[in-house]
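Visitor: My questions concern the predicted model and sequence given below.
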Amino acid sequence: MAYSPLMVQPMRDEVIRLGVAELRTPEAVDEFVTAAKAGPTLLFVNSVCGCAAGNARPALLLATEDAACPERRATVFAGQDVEATQRLREHFPEIPASSPCFLVLRDGQVVAHVPRGGIEGHTAEQVAVSLRASFRDADTAAAG
(Lines give C-alpha, C1' and ligand atoms only; values in the text may rest on other atoms or scores of the structure.)
Protein backbone atom coordinates (compact mmCIF):
# COMPACT_ATOMS: atom_id res chain seq x y z
CA MET A 1 0.00 0.00 0.00
CA ALA A 2 1.43 3.37 -1.02
CA TYR A 3 1.88 6.14 1.50
CA SER A 4 -0.46 9.10 1.42
CA PRO A 5 0.47 11.65 -1.25
CA LEU A 6 0.18 14.33 1.44
CA MET A 7 2.88 12.63 3.48
CA VAL A 8 5.17 12.04 0.50
CA GLN A 9 4.88 15.48 -1.11
CA PRO A 10 7.44 17.17 1.20
CA MET A 11 9.94 14.43 0.26
CA ARG A 12 9.27 15.09 -3.42
CA ASP A 13 9.53 18.85 -2.93
CA GLU A 14 12.85 18.52 -1.14
CA VAL A 15 14.38 16.89 -4.23
CA ILE A 16 12.65 19.11 -6.79
CA ARG A 17 14.05 22.24 -5.06
CA LEU A 18 17.52 20.91 -5.93
CA GLY A 19 16.80 21.13 -9.65
CA VAL A 20 16.09 17.42 -10.00
CA ALA A 21 13.39 16.56 -12.55
CA GLU A 22 10.70 14.25 -11.29
CA LEU A 23 9.92 11.32 -13.59
CA ARG A 24 6.47 10.05 -12.69
CA THR A 25 5.57 7.95 -15.73
CA PRO A 26 7.30 5.26 -17.79
CA GLU A 27 7.18 7.58 -20.79
CA ALA A 28 8.96 10.34 -18.87
CA VAL A 29 11.65 7.84 -17.86
CA ASP A 30 12.09 6.69 -21.47
CA GLU A 31 12.45 10.28 -22.70
CA PHE A 32 14.94 11.15 -19.97
CA VAL A 33 17.08 8.04 -20.46
CA THR A 34 17.17 8.65 -24.22
CA ALA A 35 18.36 12.23 -23.61
CA ALA A 36 20.95 10.91 -21.14
CA LYS A 37 22.83 9.17 -23.94
CA ALA A 38 24.90 12.33 -24.36
CA GLY A 39 26.87 13.66 -21.41
CA PRO A 40 26.74 13.18 -17.66
CA THR A 41 23.55 12.39 -15.75
CA LEU A 42 22.57 11.86 -12.13
CA LEU A 43 19.60 9.63 -11.31
CA PHE A 44 18.18 9.30 -7.82
CA VAL A 45 15.72 6.64 -6.72
CA ASN A 46 13.92 8.37 -3.85
CA SER A 47 12.27 6.52 -1.01
CA VAL A 48 10.20 6.99 2.13
CA CYS A 49 12.64 4.92 4.20
CA GLY A 50 14.66 6.45 7.01
CA CYS A 51 18.01 6.20 5.24
CA ALA A 52 16.58 8.29 2.40
CA ALA A 53 15.60 11.05 4.82
CA GLY A 54 18.65 10.77 7.02
CA ASN A 55 21.36 10.26 4.43
CA ALA A 56 20.30 10.07 0.78
CA ARG A 57 18.36 13.30 0.29
CA PRO A 58 20.83 15.32 2.40
CA ALA A 59 23.68 13.73 0.40
CA LEU A 60 21.90 14.76 -2.80
CA LEU A 61 21.80 18.34 -1.53
CA LEU A 62 25.53 18.29 -0.79
CA ALA A 63 26.36 16.65 -4.11
CA THR A 64 24.35 19.15 -6.16
CA GLU A 65 26.40 21.97 -4.63
CA ASP A 66 29.50 20.55 -6.32
CA ALA A 67 30.47 22.18 -9.62
CA ALA A 68 31.05 18.74 -11.16
CA CYS A 69 27.47 17.60 -10.46
CA PRO A 70 25.72 16.86 -13.75
CA GLU A 71 23.18 19.45 -14.79
CA ARG A 72 20.96 16.65 -16.08
CA ARG A 73 19.34 15.22 -12.94
CA ALA A 74 16.20 13.20 -12.38
CA THR A 75 14.40 11.14 -9.79
CA VAL A 76 11.81 8.42 -9.53
CA PHE A 77 10.06 7.70 -6.26
CA ALA A 78 10.09 4.00 -5.38
CA GLY A 79 6.87 2.77 -3.85
CA GLN A 80 5.02 5.83 -5.16
CA ASP A 81 5.64 6.04 -8.89
CA VAL A 82 5.79 2.28 -9.24
CA GLU A 83 5.58 2.07 -13.03
CA ALA A 84 8.19 4.80 -13.56
CA THR A 85 10.55 3.13 -11.09
CA GLN A 86 10.08 -0.22 -12.80
CA ARG A 87 10.80 1.32 -16.19
CA LEU A 88 14.01 2.89 -14.90
CA ARG A 89 15.10 -0.51 -13.58
CA GLU A 90 14.31 -2.06 -16.97
CA HIS A 91 16.71 0.39 -18.60
CA PHE A 92 19.52 -0.78 -16.28
CA PRO A 93 18.90 -4.50 -15.68
CA GLU A 94 22.49 -5.05 -14.54
CA ILE A 95 21.84 -2.85 -11.49
CA PRO A 96 20.03 -4.65 -8.65
CA ALA A 97 16.86 -2.94 -7.47
CA SER A 98 17.61 -0.72 -4.51
CA SER A 99 15.89 2.23 -2.91
CA PRO A 100 17.10 4.70 -2.24
CA CYS A 101 20.04 4.68 -4.62
CA PHE A 102 22.01 6.86 -7.00
CA LEU A 103 23.16 6.19 -10.55
CA VAL A 104 25.74 8.34 -12.29
CA LEU A 105 25.72 7.97 -16.07
CA ARG A 106 28.09 9.06 -18.78
CA ASP A 107 26.65 8.93 -22.28
CA GLY A 108 23.89 6.60 -21.12
CA GLN A 109 26.22 4.12 -19.41
CA VAL A 110 26.33 3.60 -15.65
CA VAL A 111 29.71 4.73 -14.32
CA ALA A 112 28.74 4.64 -10.65
CA HIS A 113 26.04 3.11 -8.53
CA VAL A 114 25.49 3.92 -4.86
CA PRO A 115 22.94 1.39 -3.59
CA ARG A 116 21.04 1.49 -0.33
CA GLY A 117 23.93 -0.42 1.29
CA GLY A 118 26.26 2.44 0.37
CA ILE A 119 23.85 4.93 1.96
CA GLU A 120 22.56 3.14 5.04
CA GLY A 121 25.00 3.43 7.92
CA HIS A 122 26.93 6.24 6.22
CA THR A 123 26.62 9.94 6.84
CA ALA A 124 25.22 12.26 4.21
CA GLU A 125 28.70 13.73 3.90
CA GLN A 126 30.24 10.31 3.20
CA VAL A 127 27.64 9.54 0.54
CA ALA A 128 28.18 12.98 -1.03
CA VAL A 129 31.95 12.39 -1.15
CA SER A 130 31.29 9.14 -3.02
CA LEU A 131 28.96 10.90 -5.45
CA ARG A 132 31.41 13.75 -6.04
CA ALA A 133 34.16 11.26 -6.82
CA SER A 134 31.90 9.51 -9.32
CA PHE A 135 31.11 12.84 -11.04
CA ARG A 136 34.81 13.41 -11.52
CA ASP A 137 35.35 9.83 -12.69
CA ALA A 138 32.60 10.35 -15.27
CA ASP A 139 34.31 13.56 -16.44
CA THR A 140 37.67 11.79 -16.66
CA ALA A 141 36.15 8.94 -18.67
CA ALA A 142 34.67 11.45 -21.10
CA ALA A 143 37.97 13.26 -21.52
CA GLY A 144 39.95 10.03 -21.96
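Guide: All right, it came through fine. Numbering: from 1, shown residues only.
Visitor: The residue sitting nearest the centre point of the chain is in what secondary structure piece?
Guide: Per CA atoms, centre = their mean, the C-alpha nearest to the average position across the chain is that of Phe44, at 1.1 Å. Using DSSP states H and E, Phe44 sits in strand 40-46.
Visitor: List the buried residues of stretch 76-87.
Guide: Neighbour counts using 16 or more other CB atoms under 10 Å place 76-81, 84-85, 87 of stretch 76-87 among the buried residues. Yep, even glycine has a C-beta here, placed from its N, CA and C like the rest.
Visitor: Can you name every helix or strand that the strand holding Phe44 contacts?
Guide: helix 5-16, helix 57-64, strand 72-77, helix 82-91, strand 101-106, helix 124-143 (3 or more CB pairs under 8 Å, 6 or more residues apart in numbering; DSSP states H and E).
Visitor: what's the angle from the fourth one to strand 40-46?
Guide: Which is helix 82-91. 130 degrees (axes from the mean of the first three to the mean of the last three CA atoms, to 10 degrees).
Visitor: Just the residues contacting helix 82-91, thanks.
Guide: Residues outside helix 82-91 that contact it (CB atoms under 8 Å, 6 or more residues apart in numbering) are 2, 23-26, 28-30, 33, 43, 45, 76-79, 95, 97, 99.
Visitor: Check the second one too.
Guide: Counting contacts by CB under 8 Å, 6+ apart, the residues outside helix 57-64 that touch it are 11, 14-15, 18-20, 42, 44, 46, 69, 73, 100, 102, 119, 124-128, 131-132, 135.
Visitor: pLDDT weak spots in the protein?
Guide: For the chain, applying pLDDT under 70 flags the ranges 1, 138-144.
Visitor: if we go to 80?
Guide: Applying pLDDT under 80 to the chain flags the ranges 1-2, 51, 137-144.
Visitor: measure Ala52 to Thr34 for me?
Guide: Look at Ala52 and Thr34: by CB to CB, to the nearest Å, they are 27 Å apart.
Visitor: Neighbour count: the two, which is higher?
Guide: Remark: of Ala52 and Thr34, Ala52 carries more neighbours, 27 against 11, as counted by other CB atoms under 10 Å.
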